[in-house]
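In: fold the following, please.
(chains A and B)
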Amino acid sequence: MIAAARKSRPRFKREWITSYIFLLPALAFFIMFVAYPMLRGIYMSFFDYTLTSFEFIGFDNYRTLYEDKNFHKSMWNTIKLVVVGVPIVIIFSIFVAMTIYKKHESVRSLFRGIFYLPAVTSVVSVTVVWGWIYHPNYGVLNYLTGIFGAEPISWLGEPKTALWAITAILVTTSVGQPIILYVAALGNIPISYIEAAQIDRATPGQIFRKIIWPMLMPTNLYVIVITTINTFQCFSLIQLLTSGGPIYSTSTVMYGVYEQAFQFGNFGLASAMGIVLAVIIGIISIIQFKFLGSDVEY
Amino acid sequence: MISTKKRFVQLFVSALVLLLIAACSSNGGNNAPSNSNEPASPAKTAEPAATDTAAKPVEITWWNFPNFQALDGEVGKFEKQIIEAFNKKHPEITVKLEMLTFDGGPEKLNVAIATNTAPDVIYDAPGRIIDWGKKNLLVPLNDMFTQETLNDISPSLMQLSSAGDQIYMYPFNTGPFMMAVNKTLFEDIGALDLLPLDRPDRTWTVAEYEAALRAVKEKAPDVIPSGFFAKSQAGDQGTRGYLTNLGLTTFLNEDNSAVAINSESGVKGLEWLLQAAEDGLVAPGAASLAASDHNDLFLQGKMAFAINYSAVLKAQFAPNKTVEFEDVLLPYPTPDGSDPKLEPFIGGLAVFNNKNEDKIAASKTFIDFLVNDPEWSKKALIQTGGLSARNSVTGLYEGSEYEYSELARNFITNPPVTADGYAEIRTYWFPALQQTLLKVATPQQALDEFAQKANDAIAKAKASLNK
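Out: Sure, this is the predicted structure:
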């Protein structure tokens, strides 16, 4: 027996090495396209990196961001988007999922398709359509509000409405995946739990709070973390619809990174912005894992 | 069996390591400097003249914005024809073409310069080219100009193509930026007499312009009288030209060393615009309209006047019209009807200093062909829809608008695009306009704040150039 084990040890070692070699391509791609750019970003954030200079300046880029009013505004806008957008996405997704998951398969598929459509449609097409909906002169939205006697509004042109107009689009493009995940998660909750609660005369609210919600926790954790990260990184909608304006009222940190790097050529400052955003997203994700992940068992 | 396996594993690992090293090191192009972080170093002076090109094979890259009208609806088709014709004379030079867009092109160029992957030849305007020249990213083209050529190009165009004594851009096509009117609409509403089309130079006053706007509002309520835009930098020569003429002032002072538009006249121009917007004479939501949105409204026949037009743009926009109408060029109105000051459009070619003498020489040969070949320079010029930068080349086109465009060259002024720090200055312009249009600040406050930031940018740029 011991002899057999000794005999198989070199073979085991070979297999062990071979399996790691098979992982190498994935590791190579990870290093090239994730780890290296990240480390490079951190490195670049300590340099005055423009079209003509690459000079070490320590924490000056971070100091500039600390004093930059436009960056503060962008950060504040990003936080507003997350604080308002993420809860709406979660509540709306759960509401839709709860409404459709018991319906007939064809009805369920129809609604899943409808809500998933904005997620699979090209962002450019979606923004073109929304651009026309919000158009101050020829937009459908102003036409509809006009029926009730409201004055036309430049939805994307007024600092007071622009960010909320963007949030509305962001919500429509973000709910598709959570709805599909919640419908699947709700389908996995044993019906006997709910029936037992109903026999015990539990109210629908109690059933949701005591049975459905805890059973949805693994899905919740994933959906909340991913939606938060995606919202923090909101860029294309803003770039295509408002370019961060008017007066930086829709500028987000990600848009600021793009603007500084690709429009103004300040690659060092843009890297510093990216690092600050990554740190904030990291902290928030850790907090979310701590509070939402404690009951999760995989 | 085992040794084959071992060899395979060794080979596999070595290949991966090589791949990683190749990917993480500086780019492997033969024009790349040793360290990818270091921006291209200053250009050396006195490059070999275009005629010195060696006959050995050279490959150059040419990045082009859609400066030429698309042939048969295909962007880049005309450029390919130029390259084909060039290769008949210079088969040893391979030209790799890459088409840029006006939206994403500037960003792509910024990244390419910062990562030492800039093209060899670029066809662009002084706004960017002279900024690159001042940063020593380009090769001076002085050796391409004979005295005869210099005498044939107006000094103001040469000044716009140069930084100090060095010529960085070979000027090719030009034309003044103006505004345009939908003449058909005015014919339809019976108000053609309100336009200054019967005057040879078409100059007019702000009061006459306002009367025309009010006529549109009254007689064609479905049409927006005029437009304005402040969403982004794109097309900012239009907003500058419009406001400086409305107030009869200039954007920067005479030697481009400080902002001048925050003067009393400049403020008056902006106040007029605000009042016009309140009176419903300007498209609503101007703060969030891009130049392209503004153009679209005009080309769709939904707006009577466009504030950013030229003979070149007229030709470029022609396929985008969704309704048939006659678009006619007009100068910007001034308070007293005096001669307007029009910023010129200039397109020209420049060579990036990629530190390869052969490529530099080949690039100059290519530029020389494009701008001086008896047959193709004319074809190319017509394809841009612009006028020639050469005084001797006239009468390229038939039609009253080109004739007027030639005449309006008399109103050309020195634009601020070659000012030190211009690239930064323009990033403060559209937020200042947004502040005013949204009434977050008064015209005076917004222009003063703009002036302060822009003056700082000029001072910073001058200081860094003197380093």
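In: near chain B, which residues of chain A are found?
Out: Neighbours of chain B within chain A, by C-beta under 8 Å from any C-beta of the partner chain: A:17-18, A:21, A:24-25, A:28, A:31-32, A:36, A:47, A:49-54, A:136-138, A:152, A:154, A:156-159, A:162, A:242-243, A:245-248, A:261-265, A:267. Placement of C-beta: from N, CA and C, glycine included.
In: can you give me the strands in the stretch 251-400 of chain B?
Out: Taking DSSP state E, counting those that start in this stretch as the test, the strands found in the stretch 251-400 of chain B are B:305-309, B:327-330, B:344-351, B:387-388.
In: other SSEs contacting the third one?
Out: Where contact means 3 or more C-beta pairs under 8 Å, 6 or more residues apart in numbering or on different chains; DSSP states H and E, strand B:344-351 is packed against strand B:121-124, helix B:126-134, helix B:155-160, strand B:170-176, helix B:357-372.
In: ok, back up a step: buried ones among the residues of chain A next to chain B?
Out: A:24, A:28, A:31, A:47, A:49-52, A:54, A:136, A:152, A:154, A:156-159, A:162, A:242-243, A:245-248, A:261-265, A:267 (16 or more other C-beta atoms under 10 Å in any protein chain shown).
In: quick one: which of these sit in strands?
Out: Using DSSP state E, the members of these that fall in strands are A:47, A:49, A:54.
In: can you list these in TSV and add pLDDT?
Out: Formatted as TSV, these follow (pLDDT from 0 to 100):
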residue	pLDDT
A:47	95
A:49	91
A:54	89
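In: closest to residue B:264 out of those?
Out: The nearest member of those to residue B:264, counting by C-beta to C-beta, is residue A:49 at 41.8 Å.
In: re the thing from before, would you list the ones in strands among the buried ones among the residues of chain A next to chain B in a markdown table and tack on distance to residue B:150?
Out: Formatted as a markdown table, these follow (distance: C-beta to C-beta, whole Å):
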| residue | distance to residue B:150 |
| --- | --- |
| A:47 | 42 |
| A:49 | 38 |
| A:54 | 37 |
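In: now do the buried residues in the helix or strand where residue A:10 lies.
Out: Applying DSSP states H and E as the criterion places residue A:10 in helix A:2-30. Buried residues in helix A:2-30, counted by 16+ other C-beta under 10 Å: A:24, A:28.
In: give me the helices and strands touching it, please.
Out: Using 3+ C-beta pairs under 8 Å, 6+ apart, helix A:2-30 is in contact with helix B:2-24.
In: in its sheet, what does the following helix or strand past the helix it packs on sit against?
Out: Per DSSP H and E, helix B:2-24 leads on to strand B:58-64 as the next helix or strand towards the C-terminus. Partners of strand B:58-64 in the sheet, by DSSP bridges, are strand B:93-99 (parallel), strand B:121-124 (parallel).
In: list the contacts of the next helix or strand after strand B:58-64.
Out: Where DSSP H and E defines the elements, the next helix or strand beyond strand B:58-64 is helix B:77-89. By C-beta atoms under 8 Å, 6 or more residues apart in numbering or on different chains, the residues outside helix B:77-89 that reach it are B:62, B:64, B:68-71, B:93-95, B:97, B:99, B:366, B:369-370, B:373, B:375-376, B:380, B:383.
In: can you tell me which of the residues you listed are buried?
Out: The buried subset of the contacts of helix B:77-89 (16+ other C-beta under 10 Å) comprises B:62, B:64, B:68-69, B:93, B:95, B:366, B:369-370, B:373, B:376, B:380, B:383.
In: output these in a markdown table; the columns should cover pLDDT.
Out: Output for these, formatted as a markdown table (pLDDT from 0 to 100):
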| residue | pLDDT |
| --- | --- |
| B:62 | 96 |
| B:64 | 94 |
| B:68 | 88 |
| B:69 | 83 |
| B:93 | 94 |
| B:95 | 95 |
| B:366 | 95 |
| B:369 | 95 |
| B:370 | 94 |
| B:373 | 92 |
| B:376 | 92 |
| B:380 | 92 |
| B:383 | 89 |
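In: determine which two of these are furthest apart.
Out: By the measure C-beta to C-beta, B:69 and B:93 form the most distant pair in these, at 25.3 Å.
In: fine by me, thanks again.
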